[in-house]
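Peer 1: What follows is a predicted structure for the sequence shown.
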Amino acid sequence: MLKRLFTTLEFSEEYYHYCNRMMFMRGGPPHWTEEYKDQKSDLKDKIDKLEEILNRLDLIEEPNIGPVARIDSTPRTIDKLKKLLSRFHKVARQLRKRHDNRNTLEIEDEYDVQDLLHALLKLEFEDIRAEEWTPSYAASSSRMDFLLKQEQTVIEVKKTSKSLKEKDVGEQLIIDIAHYRQHPDCKKLVCFVYDSEGRIGNPQGLENDLASQSTDYMQIVVIVNPL
């Protein structure tokens, strides 16, 4: 047992030699009554020896191997946002169905998208900052829609319309990306394009083209919804 418990043979050999020495000291075969007493005493001595070894082990310091790395099971920021934004249209559509035709939030322009998204973000994030200014770029500055301060993530919102089609969305986001590269808190940029009228012919192409501008300093993710 001691051989299996320890990588060194020190303790097992010590215990082995101790037991052999006890057998040698016992001498010839005794009467059965004496043998019973000897076995009982022998067993007690072996237990005492094991306890002695155990007490010595308590004095051996464990090596300092530093903090144990913990597996972070918390969903990443981007995963949370992808899940939330992929269901945005379902939430907007559900809001239209109110009891007794009560007033509701109709998503008609970009500001409506921002209002509903702001409420949804509060389900997952604490520090949400709306319309913060970006540093100046090419002699101009702009306001970001949402900054998740702790997560160092910016969310930019676009809503397609008759006056804002696929080409326009792409051009505007390219300009926004250049602005956000200057912001110290923007390590991740999530561009949310709400295309409720289906004006973007190739959503996957738009997502891939803009995401390809990611760098080691800023990750870019584009989400078009609904697809």
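Peer 2: Everything's here; your move.
Peer 1: what's the closest residue to Lys187 other than its chain neighbours in contact with, if anything?
Peer 2: Spatial nearest neighbour of Lys187, excluding adjacent residues (Cβ to Cβ, 6 or more residues apart in numbering): Gln152 at 4.1 Å. Any C-beta I mention is one placed from the backbone N, CA and C, and that applies to glycine too. When contacts are counted by Cβ atoms under 8 Å, 6 or more residues apart in numbering, Gln152 touches Asp185, Cys186, Lys187, Lys188.
Peer 1: Among these, name the buried ones.
Peer 2: Buried members of the contacts of Gln152, counted by 16 or more other Cβ atoms under 10 Å: Asp185, Cys186, Lys188.
Peer 1: quick one on the thing from earlier: sort out for me which of the contacts of Gln152 are in strands.
Peer 2: In strands, defined here by DSSP state E, the members of these are Lys188.
Peer 1: Closest to Leu121 out of the contacts of Gln152?
Peer 2: Lys188 (14.1 Å; Cβ to Cβ).
Peer 1: pretty sure the closest one contacts Asp79?
Peer 2: No: the criterion here is Cβ atoms under 8 Å, and Lys188 misses it with Asp79 at 11.5 Å.
Peer 1: list the helices and strands whichever helix or strand His179 is part of packs on?
Peer 2: Using DSSP states H and E, His179 falls within helix 166-180. Secondary-structure packing of helix 166-180 (3 or more Cβ pairs under 8 Å, 6 or more residues apart in numbering; DSSP states H and E): strand 153-159, strand 188-194, helix 203-211.
Peer 1: Can you give me the buried ones in that helix?
Peer 2: For helix 166-180, by 16+ other Cβ under 10 Å, it's Glu166, Val169, Gly170, Leu173, Asp176, Ile177, His179, Tyr180.
Peer 1: How about stretch 104-124?
Peer 2: Ile107, Glu110, Val113, Gln114, Leu116, Leu117, Leu121.
Peer 1: got the residue ranges for the helices in the protein?
Peer 2: 2-5, 10-26, 32-57, 77-85, 88-95, 110-121, 166-180, 203-211 (DSSP state H).
Peer 1: Could you list the domains of this protein?
Peer 2: If you go by automatic domain parsing, the domain ranges for the chain are 2-57, 77-225.
Peer 1: what's the average pLDDT for the shortest one?
Peer 2: Right, domain 2-57. In this model, domain 2-57 has an average pLDDT of 62.
Peer 1: what do you get for the longest one?
Peer 2: Average pLDDT, domain 77-225: 92.
Peer 1: Lys165 contacts Arg199, correct?
Peer 2: Yes: at 5.5 Å, Lys165 counts as touching Arg199 under the criterion of Cβ under 8 Å.
Peer 1: List just the nearest of the contacts of Gln152 to Arg143.
Peer 2: Cys186 (13.0 Å).
Peer 1: could you list every residue that touches that closest one?
Peer 2: Met144, Leu147, Gln152, Thr153, Val154, Tyr180, Met218.
Peer 1: Put the buried members of those into a ChimeraX selection.
Peer 2: Burial among these is assessed by 16+ other Cβ under 10 Å; the matching ChimeraX selection reads:
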select :144,147,153,154,180,218
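Peer 1: now the contacts of Cys186 in TSV, with distance to Lys90?
Peer 2: Compiled in TSV, those are given as follows (distance: Cβ to Cβ, whole Å):
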residue	distance to Lys90
Met144	26
Leu147	26
Gln152	28
Thr153	23
Val154	24
Tyr180	28
Met218	30
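Peer 1: Sort out which one of the buried ones among the contacts of Gln152 lies nearest Gln94 for me.
Peer 2: For these, the nearest to Gln94 is Lys188 (28.3 Å; Cβ to Cβ).
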